[in-house]
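Visitor: Take this sequence and fold it.
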Amino acid sequence: MQPERHVVGWDIGGAHVKAAWVRNGRLQDAVQWACPLWESLDRLDAVLAQARARWPQMRRAQHVVTMTGEMADLFASRAEGVRRIADHMARQPGIGLRFYAGEQGFVAPEDVAAQWEAIASANWLATAQLAARRVGDGVLVDIGSTTCDLIPLRQEQAAARGRTDAQRLMSGELVYQGVVRTPLCALAQRIDFEGRPHNVMNEFFATTADVYRLLGELDPAHDQHPAADHGAKDAEGTRRRLARMVGRDAEEAGAEAWLDFARAWRAEQLNLIGHNLDRVLAAAGVPARAPLVAAGCGSFLVEKLAAARGRPCVHFASQAVPLDPGAGPGALRQAQLCAPAVAVALLLERERH
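Guide: Numbers count the residues shown, from 1 in each chain. As a prediction, the model looks like this:
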């Protein structure tokens, strides 16, 4: 009998850590933890302790890491961030550790310093590589809590024009907006409330989580960070934060008016992401009926983007992730949320076997 193979994939971001447990090439579990890395690397230690409690057998697993957390302002440079995160992970118990370096493959801890540029913010490429093998032509649209990746897939390959964050910001393949942490003042400078346009207050009064929470579209399990005012996340607290964006109090209008206001913010975000998506589609020559491949906690927006363009929408998890027979009922939903962590684990497993 062949021994069981265990791989833990890690996606270490600046606000969350995502991890996936793969057994014998199939996903068994995936999870996301809040991790405000900008505060301290101790935040990462706390997450790793939770992972060890969830998966006591972690010591018997091969570990593989991708990251975006090197951008956190805890670090003086991206190179420093990659090295320090890698050093931290290298101290964790396991039978082996590799770092995902995009087109360079997987590198050992001792090679991280030399390969830091390939390792930095490469998590999107892992998801795109895995999705492309299953879907062929299309566009991966991974909308998370903070960012949105728009990656063209052509002939079973990731066909991004940019590789670094800076290049992808220029090409439109990276839109720095998400459905949880983005300040609303980043979406529009003027917006309608009760049929009249208002200038927007450029203050951190509310975030996109308030919009999608009020609309009932954001899974509460993905709403892990404090609200902008550290207040309640009930409907009353959410309306209060939204009202501040146009200099009002929640009591000045009824519940339906605030729902309409939330819909207006959603329309602004869809317009901005959609504009960049259209740029990516045109530049890559993606066929007209090729699907959008939805990933991330903002997958519900991808469905709207696809419908507006007459394209099918498929979900990354259902297309690209084989499930272990012992996986829990929510494993595919978690894989959708934790796509890069799942992808690096499955890519490493395929390289090794």
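
Visitor: rest of the way, CA atoms for contacts and neighbours
Guide: Fine.

Visitor: which residues does the closest residue in space to residue 23 that isn't next to it in sequence contact?
Guide: Take residue 23 and drop its neighbours on the chain: the residue closest to it by Cα to Cα, 6 or more residues apart in numbering is residue 6, 4.7 Å away. Shown in contact with residue 6 (Cα atoms under 8 Å, 6 or more residues apart in numbering): 21, 22, 23, 24, 60, 61, 62.

Visitor: quick one: residue 6 and residue 325, what's the gap?
Guide: Noted for residue 6: a distance of 15 Å to residue 325, by Cα to Cα, to the nearest Å.

Visitor: next one: residue 196
Guide: Distance from residue 196 to residue 325, by Cα to Cα: 55 Å.

Visitor: Which secondary structure element is home to the residue nearest to residue 218 when sequence neighbours are not counted?
Guide: In this structure, residue 218 finds its nearest non-sequential neighbour in residue 212, 5.2 Å apart by Cα to Cα, 6+ apart. Using DSSP states H and E, residue 212 falls within helix 208-214.

Visitor: Tell me how far whichever helix or strand comes after that helix lies from the chain's centre.
Guide: Downstream of helix 208-214, the next assigned helix or strand under DSSP H and E is helix 235-244. Per Cα atoms, centre = their mean, to the nearest Å, the displacement of helix 235-244 from the mean C-alpha position of its chain is 25 Å.

Visitor: ok, now stretch 265-276?
Guide: Here stretch 265-276 is found 17 Å from its chain centre; the criterion is Cα atoms, centre = their mean.

Visitor: Quick one: residues in contact with it.
Guide: 148, 150, 172-173, 175, 184, 187-188, 191, 211-212, 301, 305.

Visitor: who's in contact with the nearest residue to residue 68 once chain neighbours are set aside?
Guide: Using Cα to Cα, 6+ apart and skipping the chain neighbours, the partner closest in space to residue 68 is residue 121 (4.3 Å). Applying Cα under 8 Å, 6+ apart to residue 121 gives the contacts 66, 67, 68, 69, 70, 164, 165.

Visitor: In the top helix by length along the chain, which residues are buried?
Guide: Under DSSP state H, the helix in the chain containing the largest number of residues is helix 255-284. Within helix 255-284, the residues that count as buried by 16 or more other Cα atoms under 10 Å are 258, 260-266, 269-270, 273-274, 276-277, 280-281, 284.

Visitor: Would you map out the domains in the chain?
Guide: 6-120+321-352, 136-320 (automatic domain parsing).

Visitor: Including mean pLDDT, could those go into a markdown table?
Guide: Output for the domains of the chain, formatted as a markdown table (pLDDT from 0 to 100):
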| stretch | mean pLDDT |
| --- | --- |
| domain 6-120+321-352 | 94 |
| domain 136-320 | 97 |
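
Visitor: how about the ones you listed, which one is nearest residue 127?
Guide: domain 6-120+321-352 (5.1 Å; Cα to Cα).

Visitor: now for that closest one, what's the gap between its first and last residues?
Guide: Terminal-residue distance, domain 6-120+321-352 (Cα to Cα): 12 Å.

Visitor: Same question for stretch 173-185.
Guide: 22 Å.

Visitor: For it, which outside residues touch it?
Guide: 143-151, 160, 162, 165, 168-169, 200-210, 212, 218, 223, 225, 245, 265, 273, 276-277, 280, 297-298.

Visitor: Kindly recompute the last result at 6 Å.
Guide: Stretch 173-185 has contacts (Cα atoms under 6 Å, 6 or more residues apart in numbering) with 143-151, 168, 202, 204, 206-209, 298.

Visitor: Which entries within the residues you listed meet the buried criterion?
Guide: Members of those classed as buried by 16+ other Cα under 10 Å are 143-151, 168, 204, 206-209, 298.

Visitor: Could you say which helix or strand holds residue 99?
Guide: strand 96-100.

Visitor: Please report the distance of residue 132 from residue 227.
Guide: Taking Cα to Cα, one finds residue 132 at 36 Å from residue 227.

Visitor: Among those two, which residue is more densely surrounded?
Guide: Between residue 132 and residue 227, counting by other Cα atoms under 10 Å, residue 132 is the more crowded of the two (24 against 20).

Visitor: That one touches residue 157, doesn't it?
Guide: Yes - judged on Cα atoms under 6 Å, residue 132 makes contact with residue 157 at a distance of 5.3 Å.

Visitor: re the thing from before, can you give me phi and psi for the residue nearest to residue 68?
Guide: phi 50, psi 50 (degrees, to the nearest 10).

Visitor: Let's see the pLDDT reported for it.
Guide: Predicted confidence (pLDDT) for residue 121: 96.

Visitor: so how far is residue 189 from it?
Guide: 29 Å.

Visitor: again with residue 203
Guide: Residue 203 is 11 Å from residue 189, by Cα to Cα.

Visitor: Next, the distance between the ends of stretch 97-108.
Guide: Across stretch 97-108, first to last residue, Cα to Cα, it's 7 Å.
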